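Participant: what's the 3D shape of this:
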Amino acid sequence: MFNYLIGLLTDKGATFRVIEHPPEGNSQRVAEVRGTTVSQGAKAMVCRIRGAEFRVLAVVPGDRRVDLKKVAAIFGFSRASFVPTEETVEMTGCAIGAIPPFPVTPDMRVVVDPALSGCHDEIAFNAGRLETSIVLSTRDYLRIVEPRVESICE
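Facilitator: Reported below is the predicted structural model:
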């Protein structure tokens with residue numbers, strides 16, 4: 001995943017930097033070792049929507065929680081849940097806490113809360129592994145991923 005991300009960001013001309021740090025998946029603690037704010041952290045949660053054939057990657061600031069009802073409603077459904085840990089790890093190839101805010105399957109939909117995308121010039125995230133982070137221009141992230149920007153925080 002890390003090499004894929006570096007290749008993608010480089011190919012797309014993104015402004016980013018890589019930070020090596022002790023392994024950490026907790027939003028508060030990893031922000032401290034990165035030297036960023038918790039709200040800059042892009043927390044990516046894989047969701048399943050009851051009745052939908054696709055998965056959703058819900059991306060929120062590190063200090064916020066995903067509102068599953070809002071995620072479901074965005075796509076015209078009433079119920080959503082987080083994908084179980086084992087399935088998430090298998091699908092993404094990443095440990096929990098290391099999932100980057102990029103789709104990992106062709107049919108995965110990405111939704112980003114404006115509390116993340118509209119508040120910081122840069123976002124930060126673990127880059128597929130707990131000991132490596134990427135700090136990326138928010139504008140470049142939005143340009144490359146083209147996510148839906150919707151209110152999905154509790």
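Participant: only C-alpha atoms for contact and neighbour calcs from this point on.
Facilitator: Will do.
Participant: and the lengthiest helix in the chain, average pLDDT?
Facilitator: The longest helix of the chain (DSSP state H) is helix 2-11. Helix 2-11 carries an average pLDDT of 97.
Participant: Can you check the pLDDT for Val110?
Facilitator: 98.
Participant: my read: it touches Glu150, true?
Facilitator: No - using C-alpha atoms under 8 Å, Val110 is not in contact with Glu150; the gap is 10.2 Å.
Participant: quick one: which of these two has more around it?
Facilitator: Between Val110 and Glu150, counting by other C-alpha atoms under 10 Å, Val110 is the more crowded of the two (21 against 16).
Participant: Ramachandran angles for the more buried one?
Facilitator: Torsion angles at Val110 (phi, psi; degrees, to the nearest 10) stand at phi -120, psi 130.
Participant: Who are the contact partners of the most far-flung residue of the chain relative to its centre?
Facilitator: What lies farthest from the middle of the chain is Gly51; by C-alpha atoms, centre = their mean that is 23.0 Å. Going by C-alpha atoms under 8 Å, 6 or more residues apart in numbering, Gly51 touches Phe77.
Participant: Ok, Val89 next?
Facilitator: By C-alpha under 8 Å, 6+ apart, the contact list for Val89 reads Ala95, Ile96.
Participant: Repeat the analysis, applying 6 Å as the threshold.
Facilitator: By C-alpha atoms under 6 Å, 6 or more residues apart in numbering, Val89 lies in contact with Ala95.
Participant: you'd agree it is in a strand?
Facilitator: No - Val89 is assigned helix when assessed by DSSP: H, G, I helix; E, B strand; the rest coil, not a strand.
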